[in-house]
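*Asks:* got a predicted model here, sequence first, then my questions.
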Amino acid sequence: MPKLKTKKAAAKRFKLTATGKIKRNKSNTQHILGKKTTKRKRNLRHATLVSPTVENSIKKKLIPYA
């Protein structure tokens, strides 16, 4: 069996925490920011964790060696 390749797009988007969970940035922060409130934009700055339902598939298929 050949080694699995890491999906480079996923490697740039996801980071592993020390406990093995996957951290991601929130969406809706790139453009059309004028109509969004300051509070909403401020809350979008902070990273969040990937939901547990898709965490296993990301670990196995997209970033197997992370």
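*Replies:* Sure thing, it's come through.
*Asks:* for the closest residue to residue 47 other than its chain neighbours, helix, strand, or coil?
*Replies:* Leaving aside its sequence neighbours, residue 47 sits nearest to residue 23 (Cβ to Cβ, 6 or more residues apart in numbering; 5.1 Å). For glycine as for every other residue, the C-beta is placed from the backbone atoms N, C-alpha and C. Under DSSP: H, G, I helix; E, B strand; the rest coil, the three-state class of residue 23 is strand.
*Asks:* residue 23 contacts residue 55, doesn't it?
*Replies:* No. Assessed by Cβ atoms under 8 Å, residue 23 is found out of contact with residue 55, at 10.8 Å.
*Asks:* quick one, what contacts the residue nearest to residue 47?
*Replies:* Contacts for residue 23 were tallied using Cβ atoms under 8 Å, 6 or more residues apart in numbering; they are 14, 15, 16, 17, 47, 48, 49, 50.
*Asks:* show me what contacts the fourth one?
*Replies:* Counting by Cβ under 8 Å, 6+ apart, residue 17 makes contact with 23, 49.
*Asks:* how about the first one?
*Replies:* For residue 14, the contacting residues are 22, 23, 24, 50, 58, 62, 63, 66, by Cβ under 8 Å, 6+ apart.
*Asks:* per-residue pLDDT of the first one, please?
*Replies:* Confidence at residue 22, expressed as pLDDT, is 98.
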